[in-house]
Every structure is written in structure tokens, then in C-alpha cells.
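Student: Structure, please.
(one chain, ligands or ions: 2)
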Amino acid sequence: MKKGLLIVLSGPSGVGKGTILKEFVNDPELNLAYSVSMTTRKMRPGEVEGVNYNFVDRPAFEQAIRDGELLEYAEFVGNYYGTPLKNVEKLRAEGKNVLLEIEVQGCQQVMEKCPDALTIFIIPPSMEELEKRIRGRGTEPEEIVQQRLSKANREMELVDQYKFIVCNEDPKLAASIISLIIKRHME
Ligand SMILES: Nc1ncnc2c1ncn2[C@@H]1O[C@H](COP(=O)(O)OP(=O)(O)OP(=O)(O)O)[C@@H](O)[C@H]1O
Ligand SMILES: Nc1nc2c(ncn2[C@@H]2O[C@H](COP(=O)(O)O)[C@@H](O)[C@H]2O)c(=O)[nH]1
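Tutor: Ligands and ions are numbered 1, 2, ... in the order given. Below is the predicted model of the structure:
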């Protein structure tokens with residue numbers, strides 16, 4: 001069986017990665033499996049354990065790091081986030097195209113370990129629009145919003161390391177561009 005692709009959606013917090021992803025993740029033609037990350041962040045209202053994330057405490061996350069269980073991980077604005085390696089390998093071996101939605105430090109680790117990964121950086125139409133979106137989502141207190149925005153400015157400098165850059169002006173349009181990129185690489 002042909003091994004599935006590894007697709008990485010990255011970009012600053014609040015740019016709309018999760019919103020875009022919802023538009024294409026269930027398209028049967030793309031044969032995708034979403035990789036559920038592990039995090040030490042507190043669950044937001046409406047999030048579901050095992051669906052949005054596997055929510056763990058810091059000792060459990062640090063044990064997973066020591067045991068080499070993560071394909072990549074990063075500390076992002078006070079919390080750990082990481083991709084369980086075993087699940088990604090299993091799904092790819094079954095022929096599934098595995099989709100990661102991760103921040104840029106983690107994506108750099110994936111670029112080193114899996115140079116064939118399809119890395120896609122989502123950019124906002126402007127930094128003002130990014131700020132509007134992250135505030136509009138209303139999930140983080142002001143202090144965290146400020147930290148995420150200041151990180152976003154530095155993250156944007158890494159855009160040229162990615163294979164594809166997609167602007168999220170409209171989530172449906174961005175999703176159709178990403179679907180096309182994936183289909184081309186499935187041929
Ligand atoms: N094209 C768009 N135009 C306007 N608003 C958008 C657009 N795309 C997403 N949004 C809104 O922006 C906010 C942030 O989107 P989303 O949560 O998908 O971002 P994210 O990149 O996944 O964030 P994080 O990295 O923090 O998980 C949400 O309120 C979402 O509804
Ligand atoms: N390096 C990783 N980054 C991840 C992973 N899962 C999610 N993320 C990214 O973290 C930030 C913050 O997420 P939030 O849910 O608290 O808003 C965001 O950019 C996510 O894409 C992961 O496994 N590894």
C-alpha cells in the first residue's frame with residue numbers, strides 16, 4: 001500500500017487554520033485523518049477530550065517527551081503542544097493522508113524530520129485583521145492575546161520556509177486551494 005502524505009497546516013494563532021480545516025477535512029476524496037495533538041492547555045468551553053486535543057498535565061507531557069513519543073512539540077505561550085508519533089506513523093502506513101494543525105516551531109521540527117511533508121503556511125490579509133480575529137474569537141484573556149500577537153509577528157518572518165503560502169481572506173477559498181494542493185500530490 002502507498003504510504004499516505006503528511007500535510008502540515010501552520011501559521012499564527014487566530015489566522016483561521018481550524019476554520020479552514022473544517023471546510024475540507026471530511027472531503028472523502030482527500031482521504032484525510034486529522035492528528036489529534038496533546039496539550040497542557042486548559043480545555044475551552046465546547047472542546048472535547050480526544051477530539052480537539054488530548055488534554056494532559058505537564059508531568060505527563062514531559063514524560064511523553066522523554067519517552068520519544070512525539071513527532072514534534074513546542075511550548076507556546078505557556079503551554080506544551082505536541083504530535084503523537086505512533087498515530088501518525090500508523091495512519092500513514094494505512095494509506096491515510098495525515099493532517100497536522102500546528103504552530104511554527106513544531107513545523108520546523110517536522111520539516112527536518114520529514115522533508116517530504118507538504119507544509120502550508122496560512123497568512124492573514126493583514127496583521128490588523130489577525131488581531132481582529134483573535135480578539136473576536138474571545139477565547140483568551142487580554143494578556144494571552146497580546147502574547148499570541150507578539151509571537152505572530154515573529155512567526156510571519158518564517159513564511160519563506162514553507163512549500164505553500166495561502167492567504168485566508170475567505171475560509172472556503174483557502175480550503176479549496178489547499179484541497180487542490182493535496183489532490184495534486186496524491187496523483
Ligand atoms: N477568513 C476569515 N474571515 C473572518 N474571520 C475568520 C476567517 N477565518 C477565521 N475567522 C475567525 O477568526 C477566529 C480565529 O479562527 P481559528 O480559531 O480558526 O484560528 P486558528 O488559526 O485555528 O487559531 P489557533 O492557532 O489559536 O488555534 C475565529 O473566530 C474564526 O471564526
Ligand atoms: N507544535 C504544535 N503546535 C500545535 C499542536 N497542536 C496545536 N498547535 C498550535 O498551538 C497553537 C495554539 O493552539 P490553541 O488551540 O491553544 O489556540 C496554534 O497555533 C495551534 O495550531 C501540536 O501538536 N504541536
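
Student: what's near enough to touch the residue of the chain found nearest ligand 2?
Tutor: Of all residues in the chain, the one sitting closest to ligand 2 is Gly106 (2.3 Å; Cβ to the nearest ligand atom). For glycine as for every other residue, the C-beta is placed from the backbone atoms N, C-alpha and C. Gly106 is in contact with Ser10, Glu72, Tyr73, Ala74, Tyr81, Gly82, Thr83, Leu100, counting by Cβ atoms under 8 Å, 6 or more residues apart in numbering.

Student: can you do 6 Å?
Tutor: Residues in contact with Gly106 (Cβ atoms under 6 Å, 6 or more residues apart in numbering) are Glu72, Ala74.

Student: Provide the secondary structure category for it.
Tutor: Three-state assignment for Gly106 (DSSP: H, G, I helix; E, B strand; the rest coil): helix.

Student: Now do the helices in the protein.
Tutor: 17-24, 58-66, 85-93, 104-113, 127-137, 142-155, 171-186 (DSSP state H).

Student: These: which one's closest to Asn52?
Tutor: helix 17-24 (8.9 Å; Cβ to Cβ).

Student: Is there proximity between that closest one and ligand 1?
Tutor: Yes: using Cβ under 6 Å from any ligand atom, helix 17-24 comes into contact with ligand 1 via Lys17, Gly18, Thr19.

Student: Reformat these as CSV; add pLDDT and neighbour count.
Tutor: Shown next, in CSV, are the residues of helix 17-24 next to ligand 1 (pLDDT from 0 to 100; neighbours: other Cβ atoms under 10 Å):
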residue, pLDDT, neighbour count
Lys17, 98, 21
Gly18, 97, 14
Thr19, 98, 17
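
Student: which regions of this structure lie under the pLDDT threshold?
Tutor: Scanning the chain for pLDDT under 70 picks out nothing.

Student: Around ligand 2, pick out the residues from it.
Tutor: 13, 17, 37, 41, 72, 74, 76, 81-83, 101-103, 105-106.

Student: Let me see the contact set for Tyr99.
Tutor: Residue 99: Leu, not Tyr. By Cβ under 6 Å, 6+ apart, the contact set of Leu99 is Ile7, Leu32, Tyr34.

Student: at 10 Å instead, please
Tutor: By Cβ atoms under 10 Å, 6 or more residues apart in numbering, the residues touching Leu99 are 4-9, 21, 24-25, 30, 32-35, 88, 91, 118, 120, 178, 182.

Student: for Asn153, same thing?
Tutor: Residues in contact with Asn153, defined by Cβ under 10 Å, 6+ apart, are Pro12, Met127, Leu130.

Student: Can you turn the buried part of those into a ChimeraX selection?
Tutor: Those of the contacts of Asn153 that count as buried under 16 or more other Cβ atoms under 10 Å are selected in ChimeraX with:
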select :12,130
